[in-house]
Structures are given as C-alpha cells and as structure tokens.
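*Asks:* Give me a 3D structure for the following:
(one chain, ligands or ions: 1)
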Amino acid sequence: MHGLKQALADIWRLTLPYFTSRELTTARIWPLPAFAVQQRVLALIFAAVIIAIEFALVAINVRLSYFSRDWFNAIQNKDAASFWSLLFTVFLFWAVIYIVAAIYQYALKSYMRIRWRTWLTERYVGQWLDHNAHYHMQLLGHGADNPDQRIQQDIDSFILRTMTLFLGLLSSVTTLASFAVVLWQLSAAFTFPGTSVQVPGFLLWGALIFAVLATWITHKVGKPLIRLNFEQEKYEADFRFSLARLREYGEQVALIGGAPAEKQHLSGRFGAVIGNFLAIVSRTKKLTAVTAAYGQIANVIPYVLVAPYYFADKITLGGMQQTASAFGRVSDSLSFFISAYSTIADYKAVVDRLTTFTGSVDAARALDSQGQDESHALVTRIARAEGADGALHIAGLALNLPDGTQIVRVQELTFRPGETALLTGPSGSGKSTLFRAIAGIWPFGHGAIALPQDEKGGPASLLLLPQRPYLPIGPLREAVSYPSAADTWSDQELRRALEAAQLGHLVNRLDEDRHWSQSLSLGEQQRLAIARALLARPDWLFLDEATSAMDEGLEASIYKLLARELPRTTLVSIGHRSTLHALHGRVIDMVSTGNRLFEPRDHAA
Ligand SMILES: Nc1ncnc2c1ncn2[C@@H]1O[C@H](COP(=O)(O)OP(=O)(O)OP(=O)(O)O)[C@@H](O)[C@H]1O
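*Replies:* Alright, predicted model coming up:
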C-alpha cells in the first residue's frame, strides 16, 4: 500500500510540471491562425478533448449494446425488416461516429505526446547541463546510471504510458459504471433457480467476484515483473554503453590488443541482458497462463450464468446477448489491471528511473557553487567571486576529494595579470584539481577564490584548455569554434588561427563532417585547442598539460605564438617537462606537507 502511494506521488511529481507550466508556446489549431498560448492551457485543452472523446466512445458502446439486444431479438423473431433497418440506421450511424472519433482522438493523443515530450526533454536536458550537474553526477558517482537512456527513451515511455494507462483507467471506470447500471437492471429478471427469491444485482455481483479474484491472482503472479523490467532496461543500457565506448576507444583497444578482453566484457554484459530476459520470459509464461485462462473463461461464464433462464424461456436471445456483453464489459473493465499488468510493471520501472534521475540531478545541482542548497555534508563551499583588481587571489583554500579527504591546501596564492606561471609537481598532487576549482567546477572544499578583473574593471574572461580537448562530432569549423557557434568567426579568421597553430593542412577542410577526436592525433587536437584560444582571446589562459603531446621544439614555438598573438593574456600552465621552466616567468611547485596533502609554493630559484 505504501509502495502504491509512493508510486502515485512520484507519477504526480513527474506529471504536474507540464500541466502547470506558464511558458509560452505556439499553437496551431486548424482552422485558426497560429497563436501564442501557455503550455498548461494547451495541455489542459488537449487532455479535456481527449477525455471527452473517451466518454463519447463509452456512451456509443452502451448505445450499441441496446442495438445488439434489439438486433438479436429480431433474429430470434425472424424479423428481417427490423434486422436490416436496425443495421443501416442505428448501427451504421453510431459506428461511423465511433470510427471518426477514434481517429481524431488518436491524432490528438499523438500531438499531445509530441508536445509533452519536447517540453520535458528540453527541461531535463537543461537541468542536466545547467550548473554542471552532468559532471557533478559523475563526481558523486551515485544515483542515475545511463542518463542518456533516461532522457532519450524513458521520457517518451513515461508520457505514452501515462496517457495510455490514464485513458484505459478512465475508460474502464466509465464502462464499469455504465454497464454496471445495465447489468443491475438486467439482474431484476433473475431469481434463484426453482424459487422466486431475487438477489438484487445478481449478475453484477457475479462479474465483480470473478474479476476481483482474477485481479488478485494476477497481481500475485505478475509482481516480480516490475523489478525484472527495471533491471532489463538497466542491463540493456549498460550493454549499449559498453558498445558505444568501444567505438569511442577503438584505436586504444586495438593497440593494446584488447579485443579478447572486450569480447569477454561484452559477453558478460550481454549475458546479464539475456539472463534477466529469461527470468522475464519465465515469469511472463506464468502470467500468460493466468490472463489467457481468464480470457477464455470470461467468454463463456456469462452465458453459463444466464443459460438456465434462457432455456426456461424467461429471457429472449437478445436479452441473453445483451446480458453476456454487459457482463463481459463489466468484468473486462474490472480486470483492467490484468490486461495492463505488464504495461504497469514497465511503467513503474520507467517512473522509478525518471525519479532517481531527477533526484540525482537535484543532488548534483546542490553541489554547484551557484546552487542554493547547502545540505551536502562534504561541501562547505568554495567562495568564488569577482575580486577588486586584475589579479587572481586564492586564500585559505582547502580542496577535498568527493569522499572528504583533503588533498590540497592553499594558504595564500596570487597570480598577477600579465605574468606567465607554471604549476608543477608530482602526479596526483592536485594540480588539475586546483584548476578545476579556479574554473568553478570542483565543488568539494572550502575557502575563497577572488577572480580577476579585466582592464575595464569588468570580470576577466578565463579559458581552460585540458590535456585532451573535447571535439564535437561534426564539421571542423564547429570543432574549432566550440563552444561558440560555428558562424562566430569568418572563414578567414578560422584559417588564420589554424595556420598559426601549425594546422595548415586542415584549412581547406572546414566543412568536413567527422569524428575529429578519432581522426586527429593528440598533438593535433591540442593545437586545435590552441587555435580556439587564439580566436577566443581570453584575458586569462590556463593550460593543463595542453601541449604535452607535442615535441619540445613545437611546444616552445606554440608558447612563443601565444606570447606574440595574445600579449595581454595572462598564462598559467600545468606541466612536467623541465623545458617548460624557461618558457615561464614564474614556477610554482606543489610541495608535499605529508599525509598525501600538497601545498603550492614558489620555486626556490
Ligand atoms: N573525480 C574524482 N574522484 C575521486 N578522486 C579524484 C577525482 N579526480 C581526481 N581525483 C584524485 O585527486 C588527486 C589529484 O588529482 P589531479 O588530477 O588534480 O592531480 P594532478 O596533480 O593534476 O595529476 P597529474 O600530474 O597526474 O595530471 C588524485 O589522487 C586523483 O586520483
């Protein structure tokens, strides 16, 4: 019971935002011209019309059950005139309306699904990317696995199933209510065989007991499917992700001869997919036994119940037919859970996945320095704000790992504008982590970072180049301009930057669409990032081993290029090579203070 309450609360939390969104959207409702309207207004109009059509469809079914009674009576009485007239007037009229309404309802459901999915996907993608939640989710290492699957697949499944199940439930309830009345009225003709004792609503009780019993058995048999379906999706996504990762690291795997290890790994992942699927098959077999038996028994049970009355000439064939169909409709709608069980099991899994996803996005957002929540125990906030001058001041800063272990302590460190500084020290001493904190993406720790101002007294622009730059898949001009739009710079500017970065052989390939991080060497990728810096002209440039894949001569000429092309840019580098010392005016060492804790100190000359 508690589980059901929780599930309904989760569904409510996932559904409500769309139906209360005040964002504006453009509606196109034929024959009206396009107009702006709030999302929630459109959502409610869609829902109201779809529900109204659902009611109309049930009402037509009730009307047709009376048609069926009259029709079978005409058959029993061999009344051909009534038979044909009922068919061409009553049946044809209502059947045509039914068909048109069903088509219109399908179209509206599809439009609503598209709009709802678009809105929800944009919202989730936004939340996932804002405040670096996607990165912090990785750092926290808990919560939602495979966020890509949740955004691409689960949102659509959630919407489709919410609509299908809600309408199914609504249709079942209205069908139940209308045909329960019909069945109650029909029950008046039935007495205990051989007596004149009447049980009010005899047929209705019969249908009720039958359906409740079957629903209870179905629930008992089908319950494990909820967990199994949840796990199936997870195993499928893990398998898909492993394949995608192999595609990404194809060269590295080939070089190290990793194919057999990969095969084994993939076969393990696929084994989990199949193992779980077999468990689903085994459970579904049992469930099918219940639902198929129910379907068969439901076909004959109403006839069995009313046959004695028909044979005793107490009811007509039409009456028997109408009773049987009303009984069928009532038990069908009562057994809504039976027919929808596997959908519900799947639905619950989708709801759980979206709920854990939103939960872990919220936890990750809370980590952000701009976030509002202070609840995370390990985050005591790194205050990162614009300072009062052109320098970068760090004071009383402690940087921790996600588990709370302190790795870096900075009592006082200032980078002055215009200088070139090199941060060096042992591997794992927290150099990159210090850069991450300066960039504002490392949330664990406390202390203060005063960001520099530019020459006009506004916030200075900062650009950080990592060792392995991110290159989007697409035209080269997009990769060079990233994260700015591809048309930010003219072809001439892009070519000039590429040539300066010693990538002259790429200047005529600006429109070539490729997976650039797979086709360029690491040294070329690093030079492409340098070209980005030349275009962006930041006030401060941080190079985290951003020239490590170049030979020493090339590295030196890139540093000279940066000094020449970006004379106003302050340069702070991380690097291990001793030749880098000569290229920087100041060297700062990460010095161990014991206990795996490091502190930056100016290099003794
Ligand atoms: N996301 C993370 N989760 C847990 N530990 C991390 C994470 N990122 C970094 N660390 C740990 O923090 C320590 C410092 O890492 P960092 O990358 O800052 O070192 P570095 O000095 O830049 O090393 P290198 O010179 O090898 O690049 C390392 O021990 C590393 O294992």
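
*Asks:* interface residues of the protein facing the ligand?
*Replies:* Residues of the chain found near the ligand, taking CB under 6 Å from any ligand atom as the criterion, are 139, 401-402, 407, 427-433. From N, CA and C alone the C-beta is placed, and that goes for glycine too.

*Asks:* Out of those residues, which end up buried?
*Replies:* Buried by 16 or more other CB atoms under 10 Å: 139, 402, 407, 429-433, out of the residues of the chain next to the ligand.

*Asks:* Just flag the most distant two among those.
*Replies:* Greatest spacing in these, by CB to CB: Leu139 and Ser429 (19.0 Å).

*Asks:* Going by proximity to the ligand, name the top residue of the stretch 101-250 of the chain.
*Replies:* Across the stretch 101-250 of the chain, no residue is closer to the ligand than Leu139, which sits at 4.9 Å (CB to the nearest ligand atom).

*Asks:* pLDDT averaged over the helix or strand hosting that residue, what's the number?
*Replies:* Taking DSSP states H and E as the criterion, Leu139 maps to helix 133-140. On average, the pLDDT along helix 133-140 is 84.

*Asks:* CA atoms of it as CSV?
*Replies:* Provided in CSV are the C-alpha atoms of helix 133-140 (Å, rounded to 0.1, in the frame of the first residue of the first chain):
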residue,chain,number,x,y,z
ALA,A,133,25.0,18.8,-13.0
HIS,A,134,26.2,16.2,-15.5
TYR,A,135,29.8,16.5,-14.3
HIS,A,136,28.9,16.6,-10.6
MET,A,137,26.7,13.5,-11.1
GLN,A,138,29.8,11.7,-12.3
LEU,A,139,31.8,13.0,-9.3
LEU,A,140,29.2,11.9,-6.8
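
*Asks:* What residues sit buried inside it?
*Replies:* Neighbour-count burial for helix 133-140, with 16+ other CB under 10 Å as criterion, is recorded at 133, 135-137, 139-140.

*Asks:* what's the closest of these to Leu465?
*Replies:* Tyr135 (16.8 Å).

*Asks:* How about the closest one, nearest residue that isn't a chain neighbour?
*Replies:* Nearest residue to Tyr135, sequence neighbours excluded (CB to CB, 6 or more residues apart in numbering): Ile441, at 6.0 Å.

*Asks:* Burial check on the one you found, number of neighbours?
*Replies:* Ile441: 17 surrounding residues under other CB atoms under 10 Å.

*Asks:* try Leu160
*Replies:* The number of residues packed near Leu160 is 18, by other CB under 10 Å.

*Asks:* Would you mark the buried spots in the helix or strand following the helix holding Leu139?
*Replies:* Later in the chain than helix 133-140, the nearest helix or strand by DSSP H and E is helix 147-149. Across helix 147-149, burial judged by 16+ other CB under 10 Å covers 147, 149.

*Asks:* Just list what the longest helix anywhere in the chain packs against, helices and strands only.
*Replies:* Across the chain, the longest stretch assigned as helix under DSSP state H is helix 259-311. Counting contacts by 3 or more CB pairs under 8 Å, 6 or more residues apart in numbering; DSSP states H and E, helix 259-311 is packed against helix 202-222, helix 224-248, helix 317-334, helix 336-339, helix 341-367.

*Asks:* Quick one: residues contacting the residue lying closest to Glu565 once chain neighbours are set aside.
*Replies:* Ranked by CB to CB, 6+ apart and with sequence neighbours excluded, the top spatial neighbour of Glu565 is Leu534, at 5.5 Å. Contacts for Leu534 (CB atoms under 8 Å, 6 or more residues apart in numbering) come out as 497, 500-501, 561-562, 565-566.

*Asks:* I'd like the distance between the one residue in the stretch 251-400 of the chain that gets nearest to the ligand and Asp454.
*Replies:* Nearest residue of the stretch 251-400 of the chain to the ligand (CB to the nearest ligand atom) works out as Leu399 at 8.3 Å. When distance is defined by CB to CB, to the nearest Å, Leu399 is 26 Å away from Asp454.

*Asks:* Please report how far the residue nearest to Tyr135 lies from the ligand.
*Replies:* The gap separating Ile441 from the ligand is 11 Å, by CB to the nearest ligand atom, to the nearest Å.

*Asks:* Ile449: which element?
*Replies:* Secondary structure assignment for Ile449, by DSSP H and E: strand 445-451.

*Asks:* which other helices and strands contact that strand?
*Replies:* strand 382-386, strand 392-400, strand 406-415, helix 431-439.

*Asks:* How about the secondary structure of Leu541?
*Replies:* Each residue gets one of three states, and Leu541 gets strand by DSSP: H, G, I helix; E, B strand; the rest coil.

*Asks:* I'd say it and Ile530 touch.
*Replies:* No - contact criterion CB atoms under 8 Å: Leu541 and Ile530 do not qualify, at 9.5 Å.

*Asks:* Find the residues that touch each one of the two.
*Replies:* The contact sets of Leu541 and Ile530 overlap at 465, 562 (CB under 8 Å, 6+ apart).

*Asks:* Tally up the residues packed near Glu455, please.
*Replies:* 10.

*Asks:* and it, which of the three is it?
*Replies:* Counting by three-state DSSP, the backbone at Glu455 sits in coil.

*Asks:* any idea how far Gln6 is from it?
*Replies:* Noted for Glu455: a distance of 57 Å to Gln6, by CB to CB.

*Asks:* go on, Leu287?
*Replies:* Counting by CB to CB, the gap from Leu287 to Gln6 is 23 Å.

*Asks:* out of those two, which sits in the busier spot?
*Replies:* Using other CB under 10 Å as the criterion, Leu287 and Gln6 rank with Leu287 on top: 21 against 13.

*Asks:* For that one, give me the pLDDT.
*Replies:* 88.

*Asks:* now do Met1
*Replies:* Per-residue pLDDT puts Met1 at 58.

*Asks:* Run the chain-centre distance for the host helix or strand of Leu423.
*Replies:* Assigned by DSSP H and E, Leu423 belongs to strand 420-424. How far strand 420-424 lies from its chain's middle: 42 Å, per CA atoms, centre = their mean, to the nearest Å.

*Asks:* per-residue confidence averaged over that strand?
*Replies:* Averaging pLDDT along strand 420-424 gives 95.

*Asks:* I'd guessed Tyr303 sits against Ala324; true?
*Replies:* Yes - if you go by CB under 8 Å, Tyr303 and Ala324 touch, sitting 5.5 Å apart.

*Asks:* More neighbours: those two, which one.
*Replies:* Ala324 (21 against 14).

*Asks:* which residues sit in contact with the residue nearest to the more buried one when sequence neighbours are not counted?
*Replies:* In this structure, Ala324 finds its nearest non-sequential neighbour in Pro302, 4.1 Å apart by CB to CB, 6+ apart. Applying CB under 8 Å, 6+ apart to Pro302 gives the contacts 203, 207, 323-324, 327-328.

*Asks:* Now pLDDT and distance to Leu14 too, for those residues, in TSV please.
*Replies:* Formatted as TSV, the contacts of Pro302 follow (pLDDT from 0 to 100; distance: CB to CB, whole Å):
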residue	pLDDT	distance to Leu14
Leu203	80	40
Ala207	81	34
Thr323	83	42
Ala324	84	41
Phe327	82	37
Gly328	82	34
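
*Asks:* What pLDDT does the model give Asp130?
*Replies:* 87.

*Asks:* Can you get me a residue count around it?
*Replies:* By other CB under 10 Å, 15 other residues sit near Asp130.

*Asks:* Ser517 touches Leu471, doesn't it?
*Replies:* Yes - here Ser517 reaches Leu471: they are 4.5 Å apart, a contact under CB under 8 Å.
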